[in-house]
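Participant: build the 3D model from these lines:
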Amino acid sequence: MFGTQDILLLGVIVVVLFGATKLPQLGSGVGQAIRNFKKGMSESDETDVTPKKDSTKKVTSETEE
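Facilitator: So this is what the prediction gives:
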């Protein structure tokens with residue numbers, strides 16, 4: 001799929017684009033995003049944000065006066 005030369009070239013391009021000092025911050029941000037995604041997938045839905053329909057309320061538009 002990818003050879004050694006391809007991976008090295010990709011690494012050089014990433015260092016040139018982002019700089020050597022930004023790479024640890026970029027890696028940390030990606031790692032934190034992956035952890036949060038996995039945590040969100042494994043947790044049960046604690047909060048139901050679905051609006052509940054209230055049959056006693058009458059819906060009126062703002063244009064009616």
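
Participant: can you give me the helices for the protein?
Facilitator: For the chain, the helices defined by DSSP state H occupy 4-18, 23-42.

Participant: next, format these as TSV and append mean pLDDT.
Facilitator: Shown next, in TSV, are the helices of the chain (pLDDT from 0 to 100):
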stretch	mean pLDDT
helix 4-18	91
helix 23-42	90
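
Participant: tabulate those (CSV), appending mean neighbour count and distance to D54.
Facilitator: C-beta: built from backbone N, CA, C; applies to glycine. Converted to CSV, the helices of the chain look like this (neighbours: other CB atoms under 10 Å; distance: least, CB to CB, whole Å):
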stretch, mean neighbour count, distance to D54
helix 4-18, 10, 51
helix 23-42, 10, 30
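
Participant: could you dump those helices to JSON lines with distance to T50?
Facilitator: Formatted as JSON lines, the helices of the chain follow (distance: least, CB to CB, whole Å):
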{"stretch": "helix 4-18", "distance to T50": "41"}
{"stretch": "helix 23-42", "distance to T50": "17"}
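
Participant: of all those, which one is nearest P51?
Facilitator: helix 23-42 (21.5 Å; CB to CB).

Participant: the closest one to helix 4-18, inter-axis angle?
Facilitator: On the basis of axes from the mean of the first three to the mean of the last three CA atoms, to 10 degrees, helix 23-42 is oriented at 100 degrees to helix 4-18.

Participant: for helix 23-42, name the packing helices and strands.
Facilitator: Applying 3 or more CB pairs under 8 Å, 6 or more residues apart in numbering; DSSP states H and E, one finds that helix 23-42 contacts helix 4-18.
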